[in-house]
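A.B. asks: Dropping a prediction and its sequence here:
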Amino acid sequence: MLIGLLKEGDSENRVALLPEIVSNLTKRKVAVCVETGAGDSALATDSAYQEAGATIASREDVLKKADFLIAIHAPDEKLIQSLGKEQIWLSQYNPLWNTDLVKQFAARGITTFSMDAIPRSTRGQAMDVLSSQATVAGYKAVLDAANHLSTFFPMFMTAAGTIRPATVLVLGAGVAGLQAIATAKRLGAQVQAFDVRSAVKEEVMSLGAKFVEVEGAKEDAAAGGYAVEQTEEFKQKQQQAINDHAAKANVVICTAQIPGRKAPLLLPKEAVSRMKPGSVIIDLAASTGGNCELTQDNETVVEHGVTIVGQSNYPSLMPVDASKMFGKNILNFLEVLIDEEGKLELNFDDDIIKGTCITHQGEIINERVKSAIQPKN
């Protein structure tokens, strides 16, 4: 089997596989062909890939020769049209959100895997790109907030007086939120966190943060640890609690998302208008609408004296370690797909393979995605 590694677009600095991962694959009798310059932005040179056992080729040649194509992001229209039925596509393309893309893949008969569909199981943890990249995002978001803030994060007691610590409010206590909490605490801030899932309260408190609790949240064990849509009554109580805490915060880190849906609105413009001048909002949910009503994706705006950063791809700003983590997730997944002779083995009785495969032989086979696109009457 020949794996083709593609270079990402100009707005992405990561690469799906670093040379160290390629070396692991070649040792498993898997041939790897890398697009020229694929790892440049992640400080991985073509020569490093060659030393790892890969060949370097143009994009055209990689697309023509590879049996199995790997990237981080979804392919564009031109790339989709160049894929053949015999080829397999692997990336992170959010199939619950990008349903039109799923339909295109199915219509062209292309077998595709989306790494953000990895089952949320103990076995799947080592392949979970959402968690690994959320770790990077949560960490980087707090550092970015500190850079934008006009005050210190920690308390300082000096001859010139005492500087009070910054107050940080984290909305959403998933992987990104928990990493944001831990990073803000390490920087000396007072941290509060909100999440509709009561199960995360203990984790939040173990990191030294105060948990903002609103009673009456609906939870669903079948959601795989993600938040679910809430009742209108709960949303009103939730909104009041968040507004009150945001008004006192110096920094708000927004991380709340629901797979396949627009990000929940947690900070309406009225709440932003109540915040202190000079406060900072970092919205990690910008690409799916944002948790803040005033967020603009991939832009930084100032409203009511509050700086609002709409950034949903912080991992691209830490390309070396983010690529290392992403690539390790990919390698762990490929080890499920590849036999001892380096050949592809699609065993759909395996829950990891079945759960991560979105389209195959002209059909949408992922049950969750199929339900989202073709809901039952």
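C.D. replies: Sure, I can see it. Numbering: from 1, shown residues only.
A.B. asks: which helices and strands does the helix or strand harbouring Val22 pack with?
C.D. replies: Assigned by DSSP states H and E, Val22 belongs to helix 19-27. Counting by 3 or more C-beta pairs under 8 Å, 6 or more residues apart in numbering; DSSP states H and E, the packing neighbours recorded for helix 19-27 are strand 31-35, helix 46-51, helix 319-337. (C-beta placed from N, C-alpha, C; glycine too.)
A.B. asks: Throw the ones you listed into CSV and include mean neighbour count, thanks.
C.D. replies: Written out in CSV, the entries for those read as follows (neighbours: other C-beta atoms under 10 Å):
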stretch, mean neighbour count
strand 31-35, 23
helix 46-51, 16
helix 319-337, 21
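A.B. asks: Any chance of those in a markdown table with mean pLDDT as columns?
C.D. replies: Rendered in a markdown table, the data for the helices and strands packed on helix 19-27 read as follows (pLDDT from 0 to 100):
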| stretch | mean pLDDT |
| --- | --- |
| strand 31-35 | 98 |
| helix 46-51 | 98 |
| helix 319-337 | 98 |
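A.B. asks: Among the ones you listed, which comes closest to Gly188?
C.D. replies: Across the helices and strands packed on helix 19-27, Gly188 has its closest neighbour in helix 319-337 (23.4 Å, C-beta to C-beta).
A.B. asks: right, and the helix or strand after that closest one?
C.D. replies: Following the chain from helix 319-337 toward its C-terminal end, the next helix or strand by DSSP H and E is helix 351-356.
A.B. asks: Show me what the helix or strand just after that following helix is in contact with.
C.D. replies: Where DSSP H and E defines the elements, the next helix or strand beyond helix 351-356 is strand 357-360. The list of residues contacting strand 357-360 from outside it, by C-beta atoms under 8 Å, 6 or more residues apart in numbering, reads 95, 102, 105-106, 110-114, 117, 346, 348, 364-366, 369.
A.B. asks: same question, stretch 365-377
C.D. replies: When contacts are taken as C-beta under 8 Å, 6+ apart, the neighbours of stretch 365-377 outside the stretch itself are 95-96, 99, 102-103, 117, 260, 348, 354-359, 364.
A.B. asks: hey, where'd the helices end up in this protein?
C.D. replies: Along the chain, the stretches classed as helices by DSSP state H are 19-27, 46-51, 59-65, 77-82, 99-107, 129-148, 175-186, 201-206, 232-248, 269-274, 319-337, 351-356, 367-373.
A.B. asks: any idea how the chain splits into domains?
C.D. replies: For the chain, the domain assignment from automatic domain parsing gives the residue ranges 2-110+319-373, 133-317.
A.B. asks: would you turn those domains into TSV with distance to Ser121?
C.D. replies: Formatted as TSV, the entries for the domains of the chain read as follows, by distance: least, C-beta to C-beta, whole Å:
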stretch	distance to Ser121
domain 2-110+319-373	7
domain 133-317	9
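A.B. asks: Can you say which of the ones you listed is nearest to Met127?
C.D. replies: For those, the distance to Met127 is smallest for domain 2-110+319-373, at 4.4 Å, taking C-beta to C-beta.
A.B. asks: re the thing from before, looking at the helices and strands packed on helix 19-27, which is closest to Ser198?
C.D. replies: helix 319-337 (28.8 Å).
A.B. asks: so how far is that closest one from its chain's centroid?
C.D. replies: When distances are taken as C-alpha atoms, centre = their mean, to the nearest Å, helix 319-337 is centred 14 Å away from the chain's centroid.
A.B. asks: hmm, back to that, out of the domains of the chain, name the one with the poorest average pLDDT.
C.D. replies: Set side by side, those give their lowest mean pLDDT on domain 133-317, at a mean of 91.
A.B. asks: Could you verify my assumption that Gly327 touches Pro19?
C.D. replies: No: under the criterion of C-beta atoms under 8 Å, Gly327 is not in contact with Pro19, lying 9.4 Å apart.
A.B. asks: do you know which of the helices and strands packed on helix 19-27 lies nearest Asp244?
C.D. replies: The stretch from the helices and strands packed on helix 19-27 with the least distance to Asp244 (C-beta to C-beta) is helix 319-337; that distance is 35.1 Å.
A.B. asks: TSV please, covering the helices of the chain and showing distance to Ile88.
C.D. replies: Shown next, in TSV, are the helices of the chain (distance: least, C-beta to C-beta, whole Å):
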stretch	distance to Ile88
helix 19-27	15
helix 46-51	21
helix 59-65	13
helix 77-82	14
helix 99-107	11
helix 129-148	17
helix 175-186	28
helix 201-206	37
helix 232-248	42
helix 269-274	45
helix 319-337	9
helix 351-356	12
helix 367-373	17
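A.B. asks: right, and the ones you listed - which one's nearest Gln192?
C.D. replies: Taking C-beta to C-beta, helix 232-248 is the member of the helices of the chain nearest to Gln192, at 5.9 Å.
A.B. asks: which residue is nearest the centroid of this structure?
C.D. replies: Within the chain, the residue whose C-alpha comes closest to the C-alpha centroid is Leu130; the distance, by C-alpha atoms, centre = their mean, is 4.5 Å.
A.B. asks: Let me know the pLDDT of the closest residue to that residue other than its chain neighbours.
C.D. replies: The shortest distance from Leu130 to any residue that is not its chain neighbour, by C-beta to C-beta, 6 or more residues apart in numbering, is 5.3 Å, and that residue is Asp116. Asp116 is assigned 94 on the pLDDT scale.
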